[in-house]
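[1] Mind folding the following:
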Amino acid sequence: MTETAEGITVEGLRSHLEGGILRITINRPKRMNALDLGTMGALRDAVAAAGTDERVRTIVLTGEGTAFCTGADLAAAGANPTDPNVVMDTANSLIRAIVESPVPVVAAVNGPAAGVGVSIAVAADLTYAAESAYFLLAFVNIGLMPDGGSSMLIPAAIGRARAAEMALLGERVSAADAAHYGLVARTLPDGELTAHVDAVAARTARGPRRALALTKQALNNATLPALDDALALEKTGQVELLASADFAEGAMAVLQKRRPDFG
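    Numbering: from 1, shown residues only. Take a look at the predicted model:
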């Protein structure tokens with residue numbers, strides 16, 4: 001880990017603080033910013049620590065290269081098996097850190113968001129996407145169920161019917177459709193995303209910190225009243241499914257780049 005007054009760099013993660021804006025970048029471009037357990041925990045810790053740092057007035061989350069975050073790194077998980085309870089607890093605490101942060105969290109979805117990457121994006125307070133980005137709840141395609149709070153975060157944003165299509169069919173939602181549905185605040189041409197997010201972040205960073213915190217809390221209380229219950233239910237279901245034959249087949253199919261055969 002490298003730490004300076006401006007930020008922290010750990011394997012898979014980079015952060016930079018300037019003008020009250022903490023920009024946290026998932027930095028695993030060779031894996032399309034898929035998260036291994038260590039990077040997921042580091043991201044949670046960075047977001048949580050920012051909420052207690054009076055210098056931080058806004059957090060921006062984004063991905064390095066052409067992807068935002070394509071979910072869990074199945075190759076890393078296969079090479080280093082971890083207790084599913086630990087994996088789920090880490091994912092859940094990351095989402096709680098984003099939702100409960102007292103400062104606004106802005107997601108700059110610069111490319112594909114899949115799996116828990118969708119949850120990270122939607123858990124943010126202000127989510128903006130590049131036109132080339134897409135959102136994919138890929139869980140069902142590998143024998144799993146949505147996690148990261150997405151079983152509540154997504155219906156809260158776009159309603160049950162469209163959330164069911166995302167979760168049960170496992171098909172991509174384009175950035176344009178995501179904006180139309182209300183999953184994101186706005187889409188921007190790829191070359192304009194960073195400038196727009198920077199302008200939004202600068203505006204919230206200049207705003208009244210306590211008023212923004214209480215406004216965020218009120219909005220979350222109104223729209224995500226049972227988030228903890230959703231996270232607990234997802235953990236129970238996902239721990240079961242992670243030990244299933246369907247997941248073993250689904251994960252192997254992804255690694256072998258073939259269609260899974262669930263029997």
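[2] Pull out the buried residues from the helix or strand harbouring residue 108.
    Assigning secondary structure by DSSP states H and E places residue 108 in strand 105-109. Within strand 105-109, the residues that count as buried by 16 or more other C-beta atoms under 10 Å are 105, 106, 107, 108, 109. Any C-beta I mention is one placed from the backbone N, CA and C, and that applies to glycine too.
[3] Please apply the same query to stretch 227-237.
    For stretch 227-237, a neighbour-count test (16+ other C-beta under 10 Å) marks 227, 230, 231, 234, 235, 237 as buried.
[4] Name all residues that make contact with the nearest residue to the second one once chain neighbours are set aside.
    Using C-beta to C-beta, 6 or more residues apart in numbering and skipping residues adjacent in sequence, the residue nearest residue 230 is residue 152, 3.8 Å away. Contacts were defined as C-beta atoms under 8 Å, 6 or more residues apart in numbering; by that measure residue 152 touches 224, 226, 227, 230.
[5] average pLDDT across the helix or strand hosting residue 249?
    Taking DSSP H and E as the criterion, residue 249 maps to helix 245-256. Helix 245-256 carries an average pLDDT of 92.
[6] Okay, buried residues for it please.
    Quick answer for helix 245-256 (16+ other C-beta under 10 Å): 246, 247, 249, 250, 251, 253.
[7] Tell me the spacing between residue 253 and residue 96.
    Remark: distance between residue 253 and residue 96 (C-beta to C-beta, to the nearest Å) = 32 Å.
[8] Repeat that for residue 151.
    Applying C-beta to C-beta, the value for residue 151 to residue 96 is 15 Å.
[9] can you give me the end-to-end distance of stretch 26-38?
    Distance across stretch 26-38, first residue to last, is 12 Å (C-alpha to C-alpha, to the nearest Å).
[10] Run through who's touching it.
    9-14, 39, 43, 61-77, 80, 82, 86-87, 90, 111-112, 116-117.
[11] Next, the buried residues of that stretch.
    Quick answer for stretch 26-38 (16+ other C-beta under 10 Å): 26, 27, 28, 31, 32, 33, 34, 35, 36, 37.
[12] Now compare those residues and name the two farthest from each other.
    Spatial extent of these (C-beta to C-beta) is set by the pair 32 and 37 at 17.0 Å.
[13] circling back: out of the contacts of stretch 26-38, which are buried?
    Among those, those scoring as buried are 10, 12-14, 39, 43, 61-64, 67-74, 76-77, 87, 90, 111-112, 116-117 (criterion: 16+ other C-beta under 10 Å).
[14] ok, back up a step: the more surrounded of residue 151 and residue 96?
    residue 151 (22 against 18; other C-beta atoms under 10 Å).
[15] ok, that one - contacts?
    Per C-beta under 8 Å, 6+ apart, neighbours of residue 151: 145, 167, 230, 233, 234.
[16] Report pLDDT for the second one.
    Put plainly, it is residue 167. With respect to pLDDT, residue 167 has a value of 98.
[17] Ok, the first one next?
    Each residue has a pLDDT score; the one for residue 145 is 97.
[18] Equivalent analysis for the fourth one, please.
    Looking at residue 233, its pLDDT stands at 98.
[19] Direction-wise, compare the helix or strand harbouring it with helix 245-256 and give the angle.
    Assigning secondary structure by DSSP H and E places residue 233 in helix 227-242. Interaxial angle, helix 227-242 versus helix 245-256 (axes from the mean of the first three to the mean of the last three C-alpha atoms, to 10 degrees): 80 degrees.
[20] roughly how far out does helix 227-242 sit from the chain middle?
    17 Å (C-alpha atoms, centre = their mean, to the nearest Å).
[21] Can you tell me what sits against it?
    Outside helix 227-242, the residues that reach it (C-beta under 8 Å, 6+ apart) are 84-85, 87-89, 92, 95-96, 99, 143-153, 220, 247.
[22] Please repeat the previous calculation with a cut-off of 10 Å.
    77, 82-85, 87-89, 91-93, 95-96, 99-100, 119, 123, 139, 142-153, 155-156, 220-221, 224, 226, 247-248, 250-251 (C-beta atoms under 10 Å, 6 or more residues apart in numbering).
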